[in-house]
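Engineer: Okay, sequence plus prediction incoming.
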Amino acid sequence: MTSYAVVVPTLARDTLADCLAALAAATGPRPEQIVLVDDRPEPEADPGALEHPLGVLGDLRARTVVLRSGGRGPAAARNTGIRAVTAPWTAFLDDDVQVGPHWCDQLVQDLTEAAPDTGAVQGVIAVPLPGERRPTDWERGTAGLARARWITADMAYRTEALKQVGGFDERFTRAFREDADLALRVLGAGWRIRQGRRTTRHPVRPASRWVSLAQQRGNADDALMRRLHGADWWEKAVAPRGRIRRHAAITAAGAAALVLAATGRPRAAALAGLGWAAGTAEFAWARIAPGPRTRDEVTTMLVTSALIPPAATWHRLSGAWRHRNAPAWQEVAA
C-alpha cells in the first residue's frame, strides 16, 4: 500500500480545527504522519491556540508532530514540513480546506495509479458559493481556485521530486505563485503532474472589504515568476494573464493628468484625465456587473477600482527591481 504524509502550514486560524476534523473523519488508509507547521511569528505563537485543533484529531494525534517555521511564509513552512517527512508521498493541505469523507481512500487510489514518472497528483477543489444571490468579487476570486493548476490547497508530491528540486522557493513569502513555481520546476526536472479524483472543499473565508487591494502585493511575485521562468511563464503555468498592462496604462494616464495640470496644460491634462476615468470606470464595472450590486459591494468596488491600478503597478515595478538579479532557487539548509 502506498504510504503518505500530510503537511499543513498554519497561522492557527479558526479554520484549522475544521480542516483537521475532516482529515480525521475521512475513511481509508491513514497518513503515516501529519506535520503541522506553525508559521506564526515566534512572539505570537501561543501554543494554547493549537490545543483544540490537535484535540479533534483523535487517534491521529499520536502521528502528528508540530513544528515552528518562524513566520517566514507558507513556502518556508512547507519546506519545514518536507524536511520531517519520511513517507514516499507528501500531501499538502491548506488550513482552511476540508477534505471529503472518502479522501484518504481516494488519495491512496490517486497515488497508487500514478506512473513512475508522475511527480505529483492534484486534488479537485470545490468552492461552495451562495445560491440565493450573485457572488461578491471576493467570492468569485476564491471560486477561481477550482480552476487553478497545481494549487497546494490539496496537492500530493513525491517526496523524492520535492527534494530533487529543492522544495518551495522561499522568496515567495505569500500564498501566491509559490505553488506554480514549484510545479514548473518539477515539470522541468522531467516529472509529470496529473489530475486526481479526490475532492476537497474550500469554503470562502471572511475577508476585509479592502482584501482586493492587499492582494495587489502578488504582482511582485509575478515579477519574480517572470525572472525565473521567462516572459511566457503565464502560458507555462496556464495562469490568467491578469490586468497589469491595463493597470499600468490607467496609472500612467492619471499621473500624466496630474503632471500636465501642474505644468499649466489644462487641455492635455483633461484628455489624460478622461483616459484615466474611462479606464477606471471600465475596471469598476467589470467587477460590479457580475456581483450582487448591493450598496456596500458597489461602494467597495468603486473605491478599490480607483486604488488598485496604482497599487498593482507599484508592486510590479518594485518586485521587478527587487528580483532583477534573482538566481535559480537553492534550498535553504536544514
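Structural biologist: Yep, that arrived.
Engineer: for the stretch 201-334 of the chain, what are the low-confidence residue spans?
Structural biologist: 332-334 (pLDDT under 70).
Engineer: Do a quick rundown of the strands in the chain.
Structural biologist: Ranges of strands within the chain are 4-10, 33-38, 64-68, 89-93, 98-99, 118-126, 154-158, 192-201, based on DSSP state E.
Engineer: Paired strands for the fifth one, with orientation please.
Structural biologist: In the sheet containing strand 98-99, its partner strands are strand 192-201 (antiparallel), by DSSP bridges.
Engineer: The fourth one now?
Structural biologist: Each strand paired with strand 89-93, and its direction, by DSSP bridges: strand 4-10 (parallel), strand 154-158 (antiparallel).
Engineer: JSON lines please, covering these and showing distance to residue 32, mean neighbour count and mean pLDDT.
Structural biologist: (Glycine included, C-beta is placed from N, CA and C.) Below are the strands paired with strand 89-93 laid out as JSON lines (distance: least, CB to CB, whole Å; neighbours: other CB atoms under 10 Å; pLDDT from 0 to 100):
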{"stretch": "strand 4-10", "distance to residue 32": "5", "mean neighbour count": "25", "mean pLDDT": "98"}
{"stretch": "strand 154-158", "distance to residue 32": "13", "mean neighbour count": "25", "mean pLDDT": "98"}
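Engineer: With residue 63 as the reference, name the closest of these.
Structural biologist: strand 4-10 (9.0 Å; CB to CB).
Engineer: Give me the contacts around that closest one.
Structural biologist: Here strand 4-10 makes contact (CB atoms under 8 Å, 6 or more residues apart in numbering) with 16, 19-20, 23, 31-39, 69, 74, 77-78, 81-82, 85-95, 107-108, 111, 156, 159.
Engineer: My read is that residue 142 contacts residue 211, right?
Structural biologist: No: the criterion here is CB atoms under 8 Å, and residue 142 misses it with residue 211 at 10.1 Å.
Engineer: quick one on the thing from earlier: switch the strands paired with strand 89-93 over to JSON lines; also include distance to residue 178.
Structural biologist: What follows is those, written out as JSON lines (distance: least, CB to CB, whole Å):
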{"stretch": "strand 4-10", "distance to residue 178": "11"}
{"stretch": "strand 154-158", "distance to residue 178": "11"}
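Engineer: coming back round to it: which one of residue 142 and residue 211 is surrounded by more residues?
Structural biologist: residue 142 (20 against 15; other CB atoms under 10 Å).
Engineer: Relative to residue 96, how far out is that one?
Structural biologist: Here residue 142 is placed at a distance of 10 Å from residue 96 (CB to CB, to the nearest Å).
Engineer: which residues do those two both contact?
Structural biologist: Contacts common to residue 142 and residue 96, judged by CB under 8 Å, 6+ apart, are 202, 205.
Engineer: okay, the strands of the chain, which one's buried deepest?
Structural biologist: Mean neighbour count (mean count of other CB atoms under 10 Å) peaks for strand 89-93 among the strands of the chain, with a mean of 27.
Engineer: got the contact list for that one?
Structural biologist: Residues contacting strand 89-93 (CB under 8 Å, 6+ apart): 2-8, 19, 23, 31, 78, 81-82, 99, 107, 111, 152-159, 162, 200.
Engineer: next one: stretch 310-326
Structural biologist: 171, 213, 216-224, 226-228, 243-244, 247-248, 251, 254.
Engineer: So what's the gap between it and the chain middle?
Structural biologist: When distances are taken as CA atoms, centre = their mean, to the nearest Å, stretch 310-326 is centred 19 Å away from the chain's centroid.
Engineer: Look at the closest residue to residue 296 other than its chain neighbours and say how many residues are nearby.
Structural biologist: Counting by CB to CB, 6 or more residues apart in numbering, residue 209 is the residue found nearest to residue 296 once chain neighbours are left out, at 7.3 Å. For residue 209, the number of neighbouring residues by other CB under 10 Å comes to 16.
Engineer: hang on, residue 209 packs against residue 294?
Structural biologist: No: under the criterion of CB under 8 Å, residue 209 is not in contact with residue 294, lying 11.6 Å apart.
Engineer: Can you tell me who residue 126 pairs with across the strands?
Structural biologist: residue 201.
Engineer: contacting residues around it?
Structural biologist: Counting by CB under 8 Å, 6+ apart, residue 126 touches 146, 199-202.
Engineer: now with 7 Å?
Structural biologist: 146, 199, 201-202 (CB atoms under 7 Å, 6 or more residues apart in numbering).
Engineer: Columns distance to residue 117 on top of the residues you listed, output as a markdown table?
Structural biologist: As requested, the contacts of residue 126 are exported to a markdown table (distance: CB to CB, whole Å):
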| residue | distance to residue 117 |
| --- | --- |
| 146 | 27 |
| 199 | 25 |
| 201 | 30 |
| 202 | 29 |
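Engineer: For residue 58, state which of the residues you listed is nearest.
Structural biologist: Nearest member of the contacts of residue 126 to residue 58, counting by CB to CB, is residue 201, at 20.1 Å.
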